[in-house]
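1. need a structure here:
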Amino acid sequence: MRSDVVKKPVARAGARALLHACGITREQLDKPFIGIASSFGDTVPGHIAMRMLERALEGGVHAAGGVPFVFGTPAICDGIAMGHSGMYYSLPSRELIADIVETMAEAHKYDGLILLTDCDKITPGMLMAAGRLDIPAIVLTAGPMMSGRRNMERLSLVRDTFEAVGRHRAGQITDQELEEFELAACPGQGSCQGLYTANTMACVTEAMGMSLPGCATAIAGMAKKQRMAYDTGVRIVQLVMEGITARQIMTAAAIRNGIRIDMGMGGSTNTCLHIPAIAHDAGVDLPLEVFDEISRETPHVTNLRPGGDNFMEDVEYAGGIPAVMHVLGDRIEDNPTVSGKSTREIAEAGRVADTEIIRAADNAFHPEGGIAVLRGSLAPDGSVVKQTAVPPEMTVFRGQAQVYENEEEAMDAVMDGKFTPGTVAVIRNEGPKGGPGMREMLSVTSALTGLGLEKQVWLITDGRFSGGTRGPCLGHVSPEAAEVGPIALVQPGDEIEINIPERRADLKVDAAELERRRKAYQPHEPKVNKGYLRRYIQQVTSASTGAVFRD
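-> Predicted coordinates for the structure are as follows:
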């Protein structure tokens with residue numbers, strides 16, 4: 001076992017003494033050591049109840065003959081960090097999490113890892129570490145939150161709080177009604193109720209085979225999740241005994257299956273950052289075009305919030321990810337999973353309990369998947385849009401640019417009623433370097449939707465959008481402004497054309513004029529010039545490559 005280097009040689013007497021000080025018996029020295037990377041914290045609804053899951057995981061590990069060791073990782077709540085400088089740290093925390101898990105696993109030579117996670121950056125960060133370490137590993141996502149209730153109306157975080165700000169600004173709801181939404185939208189533990197980034201990544205993880213079947217949609221706080229935690233603890237010890245490591249699961253086929261589920265369910269555009277980063281650490285080449293190729297041939301079979309009206313709890317009761325895999329049929333590639341079953345076996349066993357929640361492929365909500373990759377003179381290296389959440393009349397659009405140098409400028413313009421119908425709002429200097437950290441524009445997009453402008457204005461940024469974003473929003477524009485990409489050269493009044501069917505995003509300015517602007521361009525000073533973010537700016541790559549650190 002890997003851990004033998006810590007506990008077996010005579011020279012490790014000191015290490016054994018320290019393990020005994022932690023309560024480890026002589027008998028346990030002969031058992032597999034299992035690290036449990038827990039992202040428990042008091043600030044994130046998806047993570048506040050993880051202490052109970054830790055206990056269930058430990059019980060499973062003990063029952064199967066292993067020794068569990070819990071250690072912590074950071075967890076940022078994007079909804080709380082949103083709209084201010086705290087969001088600079090959200091995406092960069094993914095790299096920290098991967099590094100922490102790698103560091104703990106290598107320093108203590110764990111034989112296997114359980115990755116206890118739930119929210120946006122935590123899940124991909126832990127999967128990156130699993131691919132990097134290539135030791136037996138299994139993921140337990142803590143589960144989605146139940147829908148909120150205001151009388152008999154079901155509520156979700158984004159539509160009934162972030163978007164409610166816009167409705168409040170438009171005079172459609174009162175101060176008291178806004179407060180009622182705030183109190184009722186999020187009833188307790190779990191990741192936010194729609195197919196936002198956290199739940200998208202849970203679904204991707206299960207489709208990749210890195211969590212047990214049914215894990216992604218099993219609701220937070222329910223006994224099913226507790227039982228799944230126990231089974232996960234048992235299974236990691238078996239994976240160690242069987243010698244099945246992360247990269248044996250996280251193959252190119254597994255990565256494509258994860259993208260397939262994302263496209264079929266209409267998930268978050270943030271997967272275009274996270275899945276390439278996971279693939280990078282798993283040693284799998286993944287060009288951005290693969291997302292578009294898979295999207296073009298994958299029907300959109302579930303329609304959850306933000307784009308639709310259903311919730312994660314609906315998918316759970318309709319059959320979960322195995323049912324979604326079942327309706328996608330042969331599009332799901334055969335691959336091993338941590339459960340011991342192959343993806344095809346899981347898909348064949350999947351059953352759909354409600355054909356309106358999970359539709360058959362020949363009755364899909366849309367013929368193509370959730371995300372489209374657009375290129376052109378505005379985004380030579382690519383950009384991404386959640387096409388299934390764009391109103392049909394906005395899929396081809398041409399308008400004059402309104403330019404904002406950061407998110408705060410744009411939010412002030414929205415709240416002051418300065419977004420002009422028929423225009424393209426450009427928010428720049430929010431990319432991986434320029435942001436830094438690619439802040440999500442959920443406050444801006446939600447207010448825009450709440451004001452009813454989602455059929456009148458396109459929003460374009462070198463930053464990114466929340467999984468809760470809906471409407472005509474193009475993100476990840478690459479190269480970013482900090483790299484003097486074309487988005488840095490846009491001037492107010494320039495014409496921009498978006499054509500989703502043709503996968504084009506073009507700045508209608510001739511090449512000679514753009515070159516003149518490029519020569520005259522003065523780069524912005526970094527917004528942050530200290531600490532971790534200073535190092536992050538120096539190391540991070542483009543959004544088109546997953547915003548990973550340079551090798």
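2. tell me the pLDDT of residue 470.
-> Here the pLDDT value assigned to residue 470 is 86.
3. contacting residues around it?
-> 306, 307, 386, 389, 445, 449, 454 (Cβ atoms under 8 Å, 6 or more residues apart in numbering). From N, CA and C alone the C-beta is placed, and that goes for glycine too.
4. apply 10 Å and report the result again.
-> 158-159, 163, 194, 305-308, 386, 388-391, 445-446, 449, 454 (Cβ atoms under 10 Å, 6 or more residues apart in numbering).
5. and those, which of them are buried?
-> Buried subset of those (neighbour count, 16 or more other Cβ atoms under 10 Å): 158-159, 163, 194, 305-308, 386, 388-390, 445-446, 449, 454.
6. where in the stretch 1-150 of the chain is pLDDT low?
-> Across the stretch 1-150 of the chain, no stretch falls below the confidence threshold (pLDDT under 70).
7. can you give me the helices in it?
-> For the stretch 1-150 of the chain, the helices defined by DSSP state H, counting those that start in this stretch cover 4-7, 13-21, 50-63, 78-81, 90-108, 122-133.
8. can I get those helices in a markdown table with mean neighbour count and distance to residue 39?
-> Shown next, in a markdown table, are those (neighbours: other Cβ atoms under 10 Å; distance: least, Cβ to Cβ, whole Å):
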| stretch | mean neighbour count | distance to residue 39 |
| --- | --- | --- |
| helix 4-7 | 16 | 24 |
| helix 13-21 | 13 | 25 |
| helix 50-63 | 20 | 7 |
| helix 78-81 | 20 | 14 |
| helix 90-108 | 20 | 8 |
| helix 122-133 | 28 | 5 |
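9. and those helices: which comes nearest residue 71?
-> For residue 71, the closest of the helices of the stretch 1-150 of the chain is helix 90-108, at 5.2 Å, according to Cβ to Cβ.
10. ok and that closest one relative to helix 13-21, angle-wise?
-> For helix 90-108 against helix 13-21, the angle by axes from the mean of the first three to the mean of the last three Cα atoms, to 10 degrees is 110 degrees.
11. can you map out the strands along the stretch 351-500 of the chain?
-> 371-374, 382-386, 396-404, 423-427, 458-461, 473-478, 495-499 (DSSP state E, counting those that start in this stretch).
12. parallel or antiparallel, list what pairs with the first one.
-> Sheet pairing for strand 371-374, assigned by DSSP bridges, gives strand 382-386 (antiparallel).
13. still on that earlier bit, redo the strands of the stretch 351-500 of the chain as CSV? Include distance to residue 538 and mean pLDDT.
-> Formatted as CSV, the strands of the stretch 351-500 of the chain follow (distance: least, Cβ to Cβ, whole Å; pLDDT from 0 to 100):
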stretch, distance to residue 538, mean pLDDT
strand 371-374, 27, 97
strand 382-386, 23, 97
strand 396-404, 26, 97
strand 423-427, 24, 96
strand 458-461, 22, 96
strand 473-478, 18, 96
strand 495-499, 31, 98
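14. about what we covered before: which ones among the contacts of residue 470 are found in helices?
-> 163, 445, 446, 449 (DSSP state H).
15. tell me the spacing between the second one and residue 306.
-> This points to residue 445. From residue 445 across to residue 306, the span is 9 Å (Cβ to Cβ, to the nearest Å).
16. identify the contacts common to the two.
-> Contact criterion Cβ under 10 Å, 6+ apart; residues shared by residue 445 and residue 306: 158, 162, 163, 466, 468, 469, 470, 471.
17. just want the most central residue of the chain.
-> In the chain, the residue lying closest to the centroid (Cα atoms, centre = their mean) is residue 197, at 3.7 Å.
18. now that residue: closest residue in space that isn't a chain neighbour?
-> The shortest distance from residue 197 to any non-neighbouring residue, by Cβ to Cβ, 6 or more residues apart in numbering, is to residue 467 (3.5 Å).
19. neighbours of that neighbour, how many?
-> By the criterion of other Cβ atoms under 10 Å, residue 467 has 28 neighbours.
20. now render the helices of the stretch 1-150 of the chain as TSV, adding distance to residue 284.
-> Conversion of the helices of the stretch 1-150 of the chain to TSV gives the following (distance: least, Cβ to Cβ, whole Å):
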stretch	distance to residue 284
helix 4-7	29
helix 13-21	35
helix 50-63	28
helix 78-81	26
helix 90-108	16
helix 122-133	8
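21. quick one: closest of the ones you listed to residue 232.
-> The nearest among these, by Cβ to Cβ, is helix 50-63 at 6.1 Å.
22. hang on, the earlier thing: show the pLDDT at the residue nearest to the centre of the chain.
-> 95.
23. for it, what are its contacts?
-> 78, 119-121, 123-124, 191, 267-271, 273-274, 440, 464-469.
24. what of residue 459?
-> Going by Cβ under 10 Å, 6+ apart, residue 459 touches 402, 404, 410, 414, 419, 424-427, 441, 444-445, 448, 453, 465, 469, 471-475.
25. is it bridged to anything, and to what?
-> residue 425, residue 473.
26. look up how far residue 438 lies from it.
-> Residue 459 is 15 Å from residue 438, by Cβ to Cβ.
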